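Sequence and predicted structure below; questions after.
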Amino acid sequence: ELLKTNITEYGIETIGSTNDIEYIKLLFNMDKIPQSNIPYASLLARIIGRLDTSKYSYDRLPAEIDMYTGGIYSSIDIYEENGSVKPFLSVNGKALERNADKLFELLRSVTSELDFTKTESLQKIIRELKMRIEHTISENGHLYSAVRALSYVRSASAYKEICRGMAFKDFMDNVDKDIEKTAEILKETADMLFTNDNVTLIRLSENGADKKSEKRFNEFKNILPEGKGKIYGFDFKPSIIKEGITNSSKIVYNSMGADFNKFGFSYSGAMNVVKNIINTEYLWNQVRVKGGAYGSGCTMMRNGSVY
């Protein structure tokens with residue numbers, strides 16, 4: 001049960017029942033990187049916690065994380081505000097409060113101390129990621145095709161497509177052909193993201209903010225270099241496109257996407273009724289029963305997405 005949430009000068013502090021576990025999320029604003037670096041930031045999120053650092057080797061780092069924490073992972077979190085995209089690279093970790101100092105030491109290591117000269121480790125990680133992406137696409141083709149369709153009409157979906165859609169898969173297909181160049185751009189991206197003016201802390205714990213927790217974060221922040229302060233926009237131009245994409249799966253996925261906000265509609269409970277009517281009265285009978293498709297469906301989301 002959550003008890004209290006405070007907005008502090010460095011982020012959000014939430015006090016709750018956590019069984020003495022401290023949960024940390026560090027948010028780095030991706031508006032600090034140019035659009036061409038977005039797929040590299042997505043790759044960066046996937047290698048955090050795995051690539052060598054100046055203190056820990058490729059083999060030693062996972063062991064150290066498992067010994068002292070409940071895990072450290074990173075992701076690209078994409079939010080929307082008044083139709084604009086708010087993307088963040090988040091680095092997340094959790095540990096018993098007695099190991100909180102070690103948690104922050106490891107968080108510092110996997111952000112500001114990454115060793116991009118270890119191209120052999122980087123290439124190994126990339127190859128594993130490529131295999132995983134191929135498998136994920138074959139198992140979730142309907143979701144990939146939906147994001148692709150929406151990426152032509154919604155800016156947030158376009159950002160997701162670059163970070164984890166078919167566009168990212170295309171990026172990954174070629175990223176290891178010049179591993180030295182990839183390492184160079186990854187370092188450039190990390191240097192722009194991991195700065196002391198570009199980090200926000202979200203913390204959930206039982207005890208809330210105290211001098212020790214403030215000291216940990218301030219030490220982490222002060223080690224990060226000064227940022228340049230430049231903000232890059234995300235250039236998105238809606239377009240109506242019909243396209244086909246081939247992959248190794250023998251299943252065909254068809255998707256159509258739109259943004260109902262642009263047609264003057266806003267989300268309400270009535271849309272849930274319409275969605276159920278489309279799914280049960282039309283798509284089930286016409287596409288699945290008569291057409292013989294594996295499945296079909298319509299989704300309408302609060303943010304305006306319909307596919």
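Noted; the coordinates are in hand.

Run through the strands of the protein in chain order.
For the chain, applying DSSP state E gives strands covering 2-7, 11-16, 21-29, 72-81, 84-96, 199-205, 258-259, 305-306.

Can you check which of those gets nearest to residue 50?
Taking CB to CB, strand 72-81 is the member of the strands of the chain nearest to residue 50, at 9.8 Å. Quick note: C-beta positions are derived from backbone N, CA and C, even for glycine.

Adjacent strands (with direction) for the closest one?
According to DSSP bridges, strand 72-81 forms sheet pairs with strand 84-96 (antiparallel).

The partner strand: how far from the chain's middle?
8 Å (CA atoms, centre = their mean, to the nearest Å).

Could you quantify the relative orientation of that strand and strand 21-29 as an angle?
150 degrees (axes from the mean of the first three to the mean of the last three CA atoms, to 10 degrees).

hang on, isn't residue 247 packed against residue 141?
Yes. The pair residue 247 / residue 141 is scored as a contact, 7.4 Å apart, by CB atoms under 8 Å.

Between these two, tell me which one has more neighbours.
For residue 247 versus residue 141, neighbours defined as other CB atoms under 10 Å are more numerous around residue 141 (18 against 14).

How about the more buried one, nearest residue that isn't a chain neighbour?
Counting by CB to CB, 6 or more residues apart in numbering, the nearest residue to residue 141 once its immediate chain neighbours are dropped is residue 253, at 4.4 Å.

Need the pLDDT of that neighbour.
We have a pLDDT of 86 for residue 253.

would you list the strands of the chain in CSV and tack on mean neighbour count and distance to residue 215?
What follows is the strands of the chain, written out as CSV (neighbours: other CB atoms under 10 Å; distance: least, CB to CB, whole Å):
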stretch, mean neighbour count, distance to residue 215
strand 2-7, 10, 17
strand 11-16, 17, 14
strand 21-29, 21, 14
strand 72-81, 17, 20
strand 84-96, 20, 16
strand 199-205, 19, 13
strand 258-259, 19, 46
strand 305-306, 22, 43
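
so which of these comes closest to residue 185?
So among the strands of the chain, strand 84-96 is nearest, using CB to CB, at 14.9 Å.

what pLDDT, on average, does the closest one get?
In this model, strand 84-96 carries a mean pLDDT of 95.

angle of that strand against strand 199-205?
Using the same axes, to 10 degrees: strand 84-96 against strand 199-205 is 50 degrees.

re the thing from before, quick check, the residue nearest to residue 141 in contact with residue 149.
No. Residue 253 sits out of contact with residue 149 when judged by CB under 8 Å, with a separation of 10.1 Å.

Now do the contacts for the residue nearest to residue 141.
Going by CB atoms under 8 Å, 6 or more residues apart in numbering, residue 253 touches 141, 142, 144, 145.

how about the spatially most central residue of the chain, what does it touch?
Nearest to the geometric centre of the chain sits residue 76, at 1.8 Å (CA atoms, centre = their mean). Shown in contact with residue 76 (CB under 8 Å, 6+ apart): 30, 41, 42, 45, 87, 88, 89, 90, 163, 164.

And for the third one, the neighbour number?
Put plainly, it is residue 42. Neighbours of residue 42 (other CB under 10 Å): 25.

What distance do you get for it to residue 48?
11 Å (CB to CB, to the nearest Å).

what comes up buried for the longest helix along the chain?
Ranked by residue count under DSSP state H, the longest helix found in the chain is helix 119-139. Buried residues in helix 119-139, counted by 16 or more other CB atoms under 10 Å: 121, 122, 125, 126, 129, 133, 134, 137.

Please identify which pair of those residues lies farthest apart.
Taking CB to CB as the measure, those span a maximum distance of 24.9 Å, between 121 and 137.

need the helices for the stretch 101-250 of the chain, in chain order.
Here the stretch 101-250 of the chain has its helices, by DSSP state H, counting those that start in this stretch, at 119-139, 141-150, 155-164, 166-174, 179-193, 211-223.
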